[in-house]
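In: just the structure for this:
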Amino acid sequence: MSTSTAAALSTHHHGSHSPLLSPVKAADSVPADVDAIIVPTSRPIANLSKAIALAARLDCTLVALCSQSANADDAVAEAKTAGVKIIAVDTDPLPAGVIPEFQTGTRLRSTVFNRPTDLSAKRNLGLLLADVIGWKRVVFLDDDITIERLDDLRDAAGLLSNHHAVGLANDGYHDNSVVCHAYRDAGGKQESFIGGGALAVGEESYRSFFPNIYSEDWFFLIGDNNRLRPTAITGKASQSPYDPFLDIRRARAEEFGDCLAEGVYRLLDSGQPIQDATFKYWRGFLDHRKRFIEDVRDLVVRDDRLEIEVKSRRIAALTAARNRSSIITPKLCVAYLQWWQADRDRWTLHLEDIRQSHGFGLTPEKAIARLGLMHCARTAL
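Out: Reported below is the predicted structural model:
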């Protein structure tokens, strides 16, 4: 028989963290200008077209942080054709010292939990440029996001007067981990949280950073008091669809970050600070996590709406996540949060050192020169 919604609810998972956010209607905000749209991109440059169009309409600078199939020369050529001001940087590799070595990355580098992606480094470079140039309001935008209503970005920027960050509500394909996608598709109550794919950020948040882990944007939103920064949600952004079950390596790679983030936000949901994420807490939470994945797998097995091939791929992905979950220990979770706390301090000191060494409120050209990016950056300003 088909899975019912009632049967699909797992008691081992929080399917929503939306009460942590301040929902704001457009009518309640005072629109403001966006200084820059920051896009980390690795796909062919045609995927930058939506961000270029938005930057043109907002009359703001576009920052394209390029690697793999994207490159700075092509990004600048596309932007110049549209009459858009652009800073484009080839980020593979960045000069040594521009972004500090974080313990949250180096400590995992020789383990199965290493995450060989450059998304976090790109977003941190975007924060660094925003800070040195003196931009007050920037928008992080992934190259697979569509914004239909331009004023949603202006409204989000205006809300930064009272919030450190403002996310646009996802109105497209759901932005969740593989495990949570499977849960929702099987009938579970699962929402999408805001994320770095469509996120307005004010200068108060530049002192935060994106660790190199899945759900890095959830950690970025946590403040120095170990609680969520004042964060709002407004407007709409549309995520392009993709198949989360295409490759089981995705589920395996996501599991550590998804587990950590869900564990931390479970505390925040109940009004507790991250300091309560003790060894004992993680021991209990990790048991909940394993049971949740098992619940989802059982739901998928019983769901007769799925074709055999589709069901097999989902079961394989969930098995991969469960196997990876089984080697995550309370000791590692406690240690990671300690590394993350130390990295936040290191990032703050790094920004202060950059300001003291190179100045503040620089022109984009001077910022690029003083950060040592001349060989890998291109501009049209």
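In: what about the strands in this structure?
Out: Per DSSP state E, the chain carries strands over the ranges 22-23, 36-41, 61-66, 86-90, 137-141, 145-146, 165-170, 198-202, 231-239, 377-380.
In: lowest average pLDDT across those strands?
Out: Mean pLDDT values for those show the minimum at strand 22-23, a mean of 87.
In: what's in contact with it?
Out: 163, 230-234 (C-beta atoms under 8 Å, 6 or more residues apart in numbering). Where C-beta positions appear, they are placed from N, C-alpha and C, glycine not excepted.
In: check the offset of it from the chain's centre.
Out: From the chain centre to the centre of strand 22-23 is a distance of 19 Å (C-alpha atoms, centre = their mean, to the nearest Å).
In: start the count at 10, not 1, going forward
Out: Sounds good: first residue 10 from here, last item strand 31-32.
In: for residue 10, give me the pLDDT.
Out: pLDDT, residue 10: 34.
In: with residue 233 instead?
Out: Confidence score, pLDDT, at residue 233: 88.
In: quick check: phi and psi at it.
Out: Torsion angles at residue 233 (phi, psi; degrees, to the nearest 10) stand at phi -60, psi -20.
In: hang on, the earlier thing: distance to residue 279 and mean neighbour count for the strands of the chain - can I get that in TSV?
Out: Formatted as TSV, the strands of the chain follow (distance: least, C-beta to C-beta, whole Å; neighbours: other C-beta atoms under 10 Å):
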stretch	distance to residue 279	mean neighbour count
strand 31-32	18	12
strand 45-50	33	26
strand 70-75	36	28
strand 95-99	41	26
strand 146-150	28	27
strand 154-155	31	18
strand 174-179	21	25
strand 207-211	25	28
strand 240-248	17	21
strand 386-389	45	19
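In: now do the end-to-end distance for stretch 362-378.
Out: 16 Å (C-alpha to C-alpha, to the nearest Å).
In: got the buried residues for it?
Out: 363, 371, 373, 376-377 (16 or more other C-beta atoms under 10 Å).
In: repeat that for stretch 301-318.
Out: 301-302, 304-309, 311-312, 315.
In: and the helices in the stretch 10-159 of the chain, which stretches?
Out: Shown for the stretch 10-159 of the chain, the helices assigned by DSSP state H, counting those that start in this stretch span residues 58-67, 81-90, 112-115, 128-142, 159-168.
In: and the fourth one, what other elements does it pack with?
Out: It refers to helix 128-142. On a contact count with 3 or more C-beta pairs under 8 Å, 6 or more residues apart in numbering; DSSP states H and E, helix 128-142 meets strand 45-50, strand 70-75, strand 146-150, helix 225-229, helix 339-367, helix 373-379.
In: all good on my end, thank you.
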